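**Student:** sequence first, then the predicted structure:
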Amino acid sequence: MKRAGHPVSEIQYRILEAAGEIFADSGFRHATVREICRHAGVNLAAICYHFGDKEGLYFEVLRYGHDLSIKKYPMDSAQNKELPPSERLRNFIRFFLLRILDEGKPAWFDKLIAKELMEPTAAFDRLLGEVVRPFYKVLESIVEEIIEDPVSEEKILFCCESIVSQCLRYKVKPVITRMFRQDVYSPEGIERIADHITQFSLMGLRHLSARLMHLDGKESSLKGRAGRTQKQG
């Protein structure tokens, strides 16, 4: 078994799984290393040897949960520049949906992330920088290609957040199931969700691109008109 390109021993696996459950239940501040070791069946020295300290262990737990979904649902086809950007966007959305809706990942992972969203720790900031940011970079490059015209980093980020937010909405399964009056989470249903989010997002991005072209043309026309007025004056 590998995590982030490095081998994970049986002891590390036991510690990470035990720590994930305890951090998810108690939170980082209230969880104790002694309790984690007891749950994992290891001695206290094992934490120091493999993870350095409690903070180091906590970050590795967060990354471990994320790495499991990356290994199961890699983003390679979303990064393949030989594919058109619209197809890469669809691949990105599909794999992101599969990741967040996967019920095979550790039960504690979503609970732990929910705690972090409510009360972020320094480890969460590190996770965003080292793990989540590269993930967003993939989407940002796709969005930039679709829009074509140069736009601000903020506008690109707004577009990415809009796409990701559409996907995250489907995490609320009880609401979605009742709204649709059926279970749309079958493999075929997830494909339909991916198709819809892709089509909806492409329409928005292309409209934004067309609007930018219109505004650029209007601005050029106004500048030209102003220039002629000055000459006449």
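**Tutor:** Looks like it arrived, so ask away.
**Student:** okay, CA-based contacts and neighbour counts for the rest of this
**Tutor:** Fine.
**Student:** where in this structure is pLDDT low?
**Tutor:** Applying pLDDT under 70 to the chain flags residues 1-7, 212-233.
**Student:** can you give me the strands in the chain?
**Tutor:** Under the criterion DSSP state E, the chain carries strands at the ranges 2-3, 6-7.
**Student:** show me where this protein has helices.
**Tutor:** With helices called from DSSP state H, the chain shows them at 10-30, 33-40, 44-51, 54-72, 85-101, 107-118, 122-127, 133-147, 153-169, 173-180, 187-232.
**Student:** and those helices as CSV, adding mean neighbour count and distance to residue 79?
**Tutor:** Below are the helices of the chain laid out as CSV (neighbours: other Cα atoms under 10 Å; distance: least, Cα to Cα, whole Å):
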stretch, mean neighbour count, distance to residue 79
helix 10-30, 19, 30
helix 33-40, 17, 38
helix 44-51, 15, 32
helix 54-72, 18, 14
helix 85-101, 21, 7
helix 107-118, 16, 26
helix 122-127, 16, 21
helix 133-147, 17, 7
helix 153-169, 15, 15
helix 173-180, 12, 29
helix 187-232, 14, 16
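**Student:** for residue 78, which of those is the nearest?
**Tutor:** Closest to residue 78 of these is helix 85-101 (Cα to Cα; 4.4 Å).
**Student:** quick one on the thing from earlier: as a markdown table, the helices of the chain with distance to residue 78 would be great.
**Tutor:** Listed next are the helices of the chain as a markdown table, based on distance: least, Cα to Cα, whole Å:
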| stretch | distance to residue 78 |
| --- | --- |
| helix 10-30 | 29 |
| helix 33-40 | 37 |
| helix 44-51 | 33 |
| helix 54-72 | 13 |
| helix 85-101 | 4 |
| helix 107-118 | 24 |
| helix 122-127 | 21 |
| helix 133-147 | 7 |
| helix 153-169 | 14 |
| helix 173-180 | 26 |
| helix 187-232 | 13 |
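**Student:** pull the distance from stretch 192-203 to the chain's centre.
**Tutor:** How far stretch 192-203 lies from its chain's middle: 17 Å, per Cα atoms, centre = their mean, to the nearest Å.
**Student:** CA-only coordinates of it in PDB, if you can.
**Tutor:** The C-alpha trace of stretch 192-203 is given here as PDB (Å, rounded to 0.1, in the frame of the first residue of the first chain):
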ATOM      1  CA  ARG A 192     -26.200  12.100 -16.000                       C
ATOM      2  CA  ILE A 193     -25.300  14.500 -13.200                       C
ATOM      3  CA  ALA A 194     -21.800  14.900 -14.600                       C
ATOM      4  CA  ASP A 195     -23.300  15.600 -18.100                       C
ATOM      5  CA  HIS A 196     -25.600  18.200 -16.700                       C
ATOM      6  CA  ILE A 197     -23.000  20.100 -14.600                       C
ATOM      7  CA  THR A 198     -20.700  20.000 -17.600                       C
ATOM      8  CA  GLN A 199     -23.200  21.400 -20.100                       C
ATOM      9  CA  PHE A 200     -24.500  24.000 -17.600                       C
ATOM     10  CA  SER A 201     -20.900  25.100 -16.800                       C
ATOM     11  CA  LEU A 202     -19.800  25.200 -20.500                       C
ATOM     12  CA  MET A 203     -22.800  27.500 -21.300                       C
END
